[in-house]
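Engineer: here you go, sequence then predicted model.
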Number of protein chains: 2
Amino acid sequence: MAPRPKHADATRDEDIDRFIEAWGRMGSVWGISRTMAEVHALLYITGDALCTDDIMARLEISRGNASMSLRSLQDWGIIKRVHRRGDRKEYFVADQDVWMIFRSIVRERMKREIDPLLVSLHEIRDHTREDGQKAASDIDERLDAMIEFFETATGLAERFIGPTGPGLRLAASLLGVSDKAVKSARSGRAARGGKNG
Amino acid sequence: MAPRPKHADATRDEDIDRFIEAWGRMGSVWGISRTMAEVHALLYITGDALCTDDIMARLEISRGNASMSLRSLQDWGIIKRVHRRGDRKEYFVADQDVWMIFRSIVRERMKREIDPLLVSLHEIRDHTREDGQKAASDIDERLDAMIEFFETATGLAERFIGPTGPGLRLAASLLGVSDKAVKSARSGRAARGGKNG
DNA sequence: CACCGTTTTCAGAATGGATTGAAACTTTTT
DNA sequence: AAAAAGTTTCAATCCATTCTGAAAACGGTG
């Protein structure tokens, strides 16, 4: 039967590499740089506390790059520093709760992107309004529609990521998204038995 | 009587410029290029059907760039071509329904980013599984957690953007996102101050 | 306070994505 | 079928962001 090869560790490392690559590619989606995503991937998937040198070596990146990525990841609140007694190095661990990671990222992105956009939209609309010119009324309506959308979306997001807890899971059940629904929604590949609570 | 300044059009154009700029800046968030977002902004906010030359002139971009942006926007399904009788040019109009725009964008991003990620994650997990090595079991768990998250999120998103209709509005009420947000959902009016709880 | 291991900073180099512009192509008109 | 009008493609170029590497700063220790 399945022989347990001595190169099990090498296999494991390969899998880790693949995960890092996949997650790094996602970086753009979340608006973070590839390297930053890779550093996070490494910390998340290993679950270990790693120091800067570990990360530099594993990812083959410069010290400066590692330092900056780690800093950003901390700013985003998805990794934290840990100290080891008798060791002068800093170690880093990734938050292991995927929902938390998601919340942190969404919160940060909203703060950086959506909030300023809403400010701009309001400024523009206030301006078109106070001019009171008829010419702008159609534009006004479109601005209104957009502002309304983003404010509703913001409100929704705050529910999800707010301090009230793991809102998404709640939302999932509220909306009746069952495992079945999820499975059948995925066409093509999907045979597997992921399970837990 | 509202005073009707002769520079009304100039003022309007300025407002449009500001909107284009704000929306263009958002481009990165949605993973589309700045110019593409600006073209969309122009079409959306004016509500007009514009031809390539109009867009080139207004945005001061090259023909090639305009052509490619328009093409992408069509691929994303948020603008469409219109034909005018007796005119050989193609004109373009933006979908005026903000919810539809959002749905199109989310659908497209999921197809391009999340689905491939999920495929990769499954491949990696299947691989760590079939090796059956103990060393990988902790990694397995983390992969499981991540897969479960993305599948739930995907299922949720499909609810929102599915053909069933304006799911987000429904979601908003289901989740009890302040009645304010939902009420002001009636077109034409809006009050500042998105805080709620 | 001088030393040593470590982290941060930052100017310049490298990289990759966006943009141009002109040629190639398509469609309509005469 | 040639000309005219409009659109798309793509190699070359531009530009913004990311990355490097070495120097500066930090912070304990003896």
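Structural biologist: Okay, I see it.
Engineer: domain parsing for chain A?
Structural biologist: A:11-94, A:98-168 (automatic domain parsing).
Engineer: closest to B:Asp126 out of the ones you listed?
Structural biologist: domain A:11-94 (10.3 Å; C-beta to C-beta). For the C-beta atoms, the positions are set from N, CA and C on the backbone; glycine is no exception.
Engineer: could you tell me the least trusted of the domains of chain A?
Structural biologist: Among the domains of chain A, domain A:98-168 carries the lowest mean pLDDT, at a mean of 85.
Engineer: ok, back up a step: TSV for the domains of chain A, including distance to B:Cys51?
Structural biologist: As requested, the domains of chain A are exported to TSV (distance: least, C-beta to C-beta, whole Å):
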stretch	distance to B:Cys51
domain A:11-94	32
domain A:98-168	20
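Engineer: got the ones you listed as JSON lines, with distance to DNA strand C and mean neighbour count columns?
Structural biologist: As requested, the domains of chain A are exported to JSON lines (distance: least, C-beta to the nearest atom of the strand, whole Å; neighbours: other C-beta atoms under 10 Å in any protein chain shown):
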{"stretch": "domain A:11-94", "distance to DNA strand C": "3", "mean neighbour count": "17"}
{"stretch": "domain A:98-168", "distance to DNA strand C": "16", "mean neighbour count": "17"}
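Engineer: could you measure from the closest residue to DNA strand D within chain A over to A:Gly31?
Structural biologist: Closest to DNA strand D within chain A is A:Gly64: 2.0 Å, counting by C-beta to the nearest atom of the strand. Relative to A:Gly31, A:Gly64 is positioned 21 Å away (criterion: C-beta to C-beta, to the nearest Å).
Engineer: can I assume A:Val93 sits in a helix?
Structural biologist: No - under DSSP: H, G, I helix; E, B strand; the rest coil, A:Val93 sits outside any helix and is assigned strand.
Engineer: what sits closest to it if chain neighbours are left out?
Structural biologist: A:Ala49 (4.7 Å; C-beta to C-beta, 6 or more residues apart in numbering or on different chains).
Engineer: can you tell me how far that neighbour is from chain B?
Structural biologist: Per C-beta to the nearest C-beta, to the nearest Å, A:Ala49 is found 14 Å from chain B.
Engineer: quick one, what contacts that residue?
Structural biologist: A:Val82, A:Arg84, A:Tyr91, A:Phe92, A:Val93 (C-beta atoms under 8 Å, 6 or more residues apart in numbering or on different chains).
Engineer: could you dump those residues to CSV with distance to DNA strand D?
Structural biologist: Putting the contacts of A:Ala49 into CSV (distance: C-beta to the nearest atom of the strand, whole Å) gives the following:
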residue, distance to DNA strand D
A:Val82, 15
A:Arg84, 12
A:Tyr91, 15
A:Phe92, 17
A:Val93, 20
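Engineer: closest to chain B out of these?
Structural biologist: Nearest to chain B among the contacts of A:Ala49: A:Val93, at 12.8 Å, using C-beta to the nearest C-beta.
Engineer: mind listing the residues bridging to the closest one?
Structural biologist: Listed by DSSP bridges, the beta-bridge partners for A:Val93 are A:Lys80.
Engineer: quick check: it touching A:His83?
Structural biologist: No - counting by C-beta atoms under 8 Å, A:Val93 stays clear of A:His83, with 11.3 Å between them.
Engineer: what's the angle from the longest helix along chain A to helix B:137-161?
Structural biologist: Using DSSP state H, we find that the single longest helix of chain A is helix A:137-161. Inter-element angle recorded for helix A:137-161 and helix B:137-161: 150 degrees (by axes from the mean of the first three to the mean of the last three C-alpha atoms, to 10 degrees).
Engineer: show me how far helix A:137-161 is from its chain's centre.
Structural biologist: Distance of helix A:137-161 from the chain centroid (C-alpha atoms, centre = their mean, to the nearest Å) equals 23 Å.
Engineer: do the same with stretch A:51-62
Structural biologist: Relative to the chain's own centre, stretch A:51-62 is displaced by 22 Å; criterion: C-alpha atoms, centre = their mean.
Engineer: what does it contact?
Structural biologist: Under the criterion C-beta under 8 Å, 6+ apart, residues A:20, A:35, A:38-39, A:42-43, A:50, A:63, A:66-67, A:69-70, A:89-92 lie in contact with stretch A:51-62.
Engineer: re earlier: out of the domains of chain A, flag the one nearest B:Leu118.
Structural biologist: Nearest of the domains of chain A (C-beta to C-beta): domain A:11-94, 9.5 Å.
Engineer: can you tell me how far A:Val106 is from B:Val29?
Structural biologist: For A:Val106, the distance to B:Val29 - C-beta to C-beta - is 12 Å.
Engineer: ditto for A:Ile55
Structural biologist: A:Ile55 is 28 Å from B:Val29, by C-beta to C-beta.
Engineer: now swap in A:Arg107 and tell me
Structural biologist: 14 Å.
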